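Student: Build me a model from this:
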Amino acid sequence: MALKMPLFNERIYAPYKIAALVEVLSEQGIAPADSLKGSGVAEEAIYDATALTSVRQYAAVCSNAVSLSTDPATPFKTGSRLHLSAYGMYGYALMSCLSLRDYFRLGVKYHSLATPTLTIEWHEYENEAVWTFPDASNPVPSMEIKRFLIEQQFTQHVTHLQDVFGRSCPPTKACFSYAAPAHASLYEQYLGCPCVFDHDQCELHYDSSILEQKPHLAHRLTATVLQETCDRLIGQAKVSSGISGEVYQMMMQTPGAFPDMETVAEKLHMTTRNLRRKLQDEGTSFVAITDDVRCSLAIEYLKTTIMSTDDIALLLGFSEPTNFRRAFKRWTGKTTRDYRQG
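Tutor: Numbers count the residues shown, from 1 in each chain. I've put the predicted structure just below:
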């Protein structure tokens, strides 16, 4: 299961990550004004429940941290402070899910609500479950900042799983796609597992036996309500942001009659090449949006109608019902029958 990145400039996130990093830097004698310099975030806003910030603003504070801090443990300390309770609906939805497998799945599905700085995926194998970070090797904006983000992200994962599990649940192994830094000993100290450097990609490994475990705050009704809330929040962000939001709205206006890319580009008064580039800049693609709209409609039809899956497949533009069933399993991790019965 994979997640596409949200828009970097959209101010849709509470500033809890910025607040945590500013606090860590303050303890090192770095003034909040210096930590926030160039980010466009005012010092009084970082504890304002109504303030909204963007991924780019958080990345700017991380860049300041790299420049100003002499403590290599800064990203680890920040990740250790970011408990799921700070993440609002997203965090509580994860804490109330019914199994750690659901936690892994929902962690990816709702990651766009968590001021994400890295793309995440997870894969289940026979004996282990593995988080991967496919863009972690990209040296943009700089490898130093990217490593800072990876160190914080990995520590967040360990902190969050401990929050959900109710006790320590360290990975079996952590892998990094770069050479061991001078402060490599901090990795094992904060992650609680063996760490491997110069690996093919960045990964966090867990024993697959934990996937059947039940989170200590698991609650069926709470999980359902909070997950529906997260779905609405993601939906609102999708249809209100940039060119991709306009494409979403256009697709949802005519469900079942999906326009091709050329038609959409013409309605937006641009070339297909420009549309493709603008969507890429926003972290998505025309195919991804079409898939997302189809998935949303499929879920709605399965939940609210008695139409057969063959009829739903036809409405969604699939030439063969088997292709629809296969796509639905890829989108949701469930068969259409399981989803409807659930």
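Student: All the helices of the stretch 151-300 of the chain, in order from the start?
Tutor: 185-191, 220-239, 242-253, 261-267, 272-281, 286-304 (DSSP state H, counting those that start in this stretch).
Student: Would you reformat those as TSV and include distance to A59 and mean pLDDT?
Tutor: All C-beta spots, glycine's among them, are computed from the backbone N, C-alpha and C. Formatted as TSV, the helices of the stretch 151-300 of the chain follow (distance: least, C-beta to C-beta, whole Å; pLDDT from 0 to 100):
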stretch	distance to A59	mean pLDDT
helix 185-191	21	97
helix 220-239	18	72
helix 242-253	18	76
helix 261-267	30	90
helix 272-281	16	88
helix 286-304	23	81
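Student: CSV for those helices, including distance to G166 and mean neighbour count?
Tutor: As requested, those are exported to CSV (distance: least, C-beta to C-beta, whole Å; neighbours: other C-beta atoms under 10 Å):
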stretch, distance to G166, mean neighbour count
helix 185-191, 19, 17
helix 220-239, 16, 16
helix 242-253, 38, 18
helix 261-267, 47, 15
helix 272-281, 41, 15
helix 286-304, 31, 17
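Student: out of these, which comes closest to E23?
Tutor: Ranking those by distance to E23, with C-beta to C-beta as the measure, places helix 185-191 first at 17.0 Å.
Student: other SSEs contacting that closest one?
Tutor: Judged by 3 or more C-beta pairs under 8 Å, 6 or more residues apart in numbering; DSSP states H and E, the packing partners of helix 185-191 are helix 74-81, helix 143-165.
Student: Below-threshold pLDDT in the stretch 101-250 of the chain: ranges please.
Tutor: Along the stretch 101-250 of the chain, the model assigns pLDDT under 70 to residues 135-141, 230, 232-241.
Student: ok so, going back, would you format the helices and strands packed on helix 185-191 as JSON lines with distance to A257 included?
Tutor: Shown next, in JSON lines, are those (distance: least, C-beta to C-beta, whole Å):
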{"stretch": "helix 74-81", "distance to A257": "46"}
{"stretch": "helix 143-165", "distance to A257": "41"}
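Student: What segments of the stretch 1-150 of the chain are strands?
Tutor: For the stretch 1-150 of the chain, the strands defined by DSSP state E, counting those that start in this stretch occupy 121-124, 128-132.
Student: out of those strands, deepest packed?
Tutor: Mean neighbour count (mean count of other C-beta atoms under 10 Å) peaks for strand 128-132 among the strands of the stretch 1-150 of the chain, with a mean of 19.
Student: by how many degrees do it and helix 143-165 diverge?
Tutor: Angle, strand 128-132 to helix 143-165, by axes from the mean of the first three to the mean of the last three C-alpha atoms, to 10 degrees: 140 degrees.
Student: start at 896 instead
Tutor: Got it, first residue is 896 now, which makes that one strand 1023-1027.
Student: To S975, which of the strands of the stretch 896-1045 of the chain lies closest?
Tutor: For the strands of the stretch 896-1045 of the chain, proximity to S975 was assessed by C-beta to C-beta; strand 1023-1027 is nearest, at 17.5 Å.
Student: ok, back up a step: any chance of the helices of the stretch 1046-1195 of the chain in CSV, plus distance to F1028?
Tutor: What follows is the helices of the stretch 1046-1195 of the chain, written out as CSV (distance: least, C-beta to C-beta, whole Å):
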stretch, distance to F1028
helix 1080-1086, 14
helix 1115-1134, 21
helix 1137-1148, 23
helix 1156-1162, 30
helix 1167-1176, 20
helix 1181-1199, 19
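Student: and E1021, which of the ones you listed is closest to it?
Tutor: helix 1080-1086 (23.6 Å).
Student: From the chain's centre, how far out is the closest one? Work that out for me.
Tutor: On the basis of C-alpha atoms, centre = their mean, to the nearest Å, helix 1080-1086 is displaced by 24 Å from the centre of the chain it belongs to.
Student: before we move on, what about stretch 976-987?
Tutor: Counting by C-alpha atoms, centre = their mean, stretch 976-987 comes out at 13 Å from the chain centroid.
Student: in that stretch, what's buried?
Tutor: For stretch 976-987, a neighbour-count test (16 or more other C-beta atoms under 10 Å) marks 976-979, 982-987 as buried.
Student: Give the closest residue to H1100 in space, chain neighbours not counted.
Tutor: Once flanking residues are discounted, H1100 sits nearest to K1068: 4.3 Å by C-beta to C-beta, 6 or more residues apart in numbering.
Student: where along the stretch 896-1045 of the chain do the helices fall?
Tutor: All helices of the stretch 896-1045 of the chain, identified by DSSP H, counting those that start in this stretch, fall at 911-921, 927-930, 950-963, 969-976, 984-990, 995-1004, 1038-1060.
Student: Now render those as a markdown table, adding distance to E1098.
Tutor: Putting the helices of the stretch 896-1045 of the chain into a markdown table (distance: least, C-beta to C-beta, whole Å) gives the following:
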| stretch | distance to E1098 |
| --- | --- |
| helix 911-921 | 23 |
| helix 927-930 | 31 |
| helix 950-963 | 22 |
| helix 969-976 | 17 |
| helix 984-990 | 20 |
| helix 995-1004 | 14 |
| helix 1038-1060 | 10 |
